[in-house]
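Asks: how would this look folded up:
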Amino acid sequence: MKRYQETFQLVELNNTFYQYPKDSAVEKCRREAPEGFEFAVKANQEISHTYRLKLDLVAEAFNRMKGICQILQARVLLIQTPGSFTPDHFGDVYEFFKRVEREDLTLVWETRGIQWEKAEVQDELRKILGEVGVSHVTDPFRIMPVYTGCVAYFRLHGLGRRMYYYQYTNRELEELYDKIKPFDYSDREVYVLFNNLSMFEDAKRFVYSLDRGEFPSLTGLVGLDSVKAVLERTPYPLTKSMLMKKFGWRIVELEEDKQVRFEDLLKNLPSKRYKNAEEVIEQIKRV
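Replies: Predicted coordinates:
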C-alpha cells in the first residue's frame with residue numbers, strides 16, 4: 001500500500017468484496033495514508049451476488065459498507081453484479097438505487113455480461129441510471145458507459161485471452177486517453193482504475209504520459225537486454241509452456257518506439273525445459 005500511495009492519488013480497495021475488514025484495520029489504513037489520498041471501495045458480494053440488489057435484504061450489508069467508507073473518507077462505492085445478473089432484474093435495480101440510504105456516497109455500478117450490451121437494454125439502462133443518478137462502470141476497450149453523473153468511473157481488465165493477464169502497449173494507453181477525454185468536464189471527475197496483472201506498471205505509465213506527454217521506458221533497456229531484464233524476474237528451470245504463461249502477455253521494447261508482445265518472441269521456441277534466462281535468449285536469437 002505504501003508503494004501505491006507514494007505513486008498515485010487513489011486506490012480501489014477490493015478485499016472488501018470478499019470480507020468485511022475490522023474497523024481497527026480500516027482505521028489504520030486511513031491513518032497511515034497521506035493527507036488527501038483517496039480510497040474507492042468495492043461493495044461486499046453479499047449486496048451484489050448473495051442478495052442481488054434486493055432492497056429488503058441488503059440493508060445490513062449496505063450499512064456495513066457505508067461504515068467502512070465513512071472511516072476511509074471514501075467518496076465512491078462500486079457495486080459489481082455478476083454475469084448471471086441479467087436485465088430481467090431491472091425492477092430490483094431501480095428499487096435498490098432509488099431507495100437505498102446512500103447519504104453522501106456516490107454509487108457506481110459495473111454490469112457484466114453481453115446481455116447488457118444489447119441496444120434495447122442499453123436504452124433502458126440509460127433511462128434508469130439517469131433517474132437514480134448512478135454512473136455506469138465499464139471497460140472502455142469493450143463498451144462505453146451509457147450514463148455518467150458527477151463521476152465517470154472506468155475499470156480496465158485487459159484485452160488478452162485470459163482475463164487480467166495483460167499489459168497495455170503505449171499505443172493502447174494513447175487510445176485509452178482518447179476514449180475517456182470526452183468525459184472530462186469541469187463538473188465531473190474521471191476515475192481510471194487498472195485491474196490487470198500489470199496494473200501498477202500500466203497505471204504508472206499512464207499517469208506519466210498525462211504529466212509529460214510521453215511514455216517511460218519499460219525497463220530502461222531495449223532489444224535483447226530488455227527481454228533478458230524481464231525473463232530474469234522468475235526462478236528457473238521453466239518449460240516453454242510455463243514461459244508463455246508467465247511472460248506471453250507482457251510487452252517488451254525491441255527498439256525505442258517498437259513494442260512487441262512476449263508471446264511473439266516465444267511461440268517459435270523449441271518445446272523444452274530451459275535452465276535459465278540466458279538459454280531462452282540464445283534460442284530467441286536463433287529463431
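Asks: pass me the low-pLDDT residue ranges in the stretch 151-287 of the chain, would you?
Replies: Along the stretch 151-287 of the chain, the model assigns pLDDT under 70 to no residue.
Asks: what ranges do the helices span in it?
Replies: 170-180, 199-212, 223-231, 240-247, 262-266, 277-286 (DSSP state H, counting those that start in this stretch).
Asks: for Q9, which of the ones you listed is the nearest?
Replies: Between Q9 and the helices of the stretch 151-287 of the chain, the tightest spacing by C-beta to C-beta is seen for helix 199-212, at 8.9 Å. Any C-beta I mention is one placed from the backbone N, CA and C, and that applies to glycine too.
Asks: got the CA coordinates for the closest one in CSV?
Replies: Extracted as CSV, the C-alpha positions of helix 199-212 are listed here (Å, rounded to 0.1, in the frame of the first residue of the first chain):
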residue,chain,number,x,y,z
MET,A,199,-1.9,-2.7,-13.1
PHE,A,200,0.7,-0.9,-11.1
GLU,A,201,3.1,-0.5,-14.0
ASP,A,202,0.4,0.3,-16.5
ALA,A,203,-1.3,2.9,-14.3
LYS,A,204,2.1,4.5,-13.5
ARG,A,205,3.0,4.7,-17.3
PHE,A,206,-0.5,6.2,-18.0
VAL,A,207,0.0,8.9,-15.3
TYR,A,208,3.5,9.6,-16.6
SER,A,209,2.2,10.1,-20.1
LEU,A,210,-0.5,12.5,-18.9
ASP,A,211,2.1,14.6,-17.0
ARG,A,212,4.8,14.6,-19.6
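Asks: quick check: angle from that helix to helix 170-180?
Replies: If you take axes from the mean of the first three to the mean of the last three C-alpha atoms, to 10 degrees, helix 199-212 sits at 70 degrees to helix 170-180.
Asks: helices or strands next to helix 199-212 in the packing?
Replies: helix 2-7, helix 170-180, strand 189-194 (3 or more C-beta pairs under 8 Å, 6 or more residues apart in numbering; DSSP states H and E).
Asks: how much space between the nearest residue to F206 once chain neighbours are set aside and G158?
Replies: Closest residue to F206 apart from its sequence neighbours, by C-beta to C-beta, 6 or more residues apart in numbering: L173 at 5.2 Å. Using C-beta to C-beta, to the nearest Å, L173 is found at 13 Å from G158.
Asks: go on, E101?
Replies: Distance from E101 to G158, by C-beta to C-beta: 35 Å.
Asks: ok, now V11?
Replies: Distance check for V11 against G158: by C-beta to C-beta, it reads 18 Å.
Asks: again, but for Q80
Replies: Taking C-beta to C-beta, one finds Q80 at 16 Å from G158.
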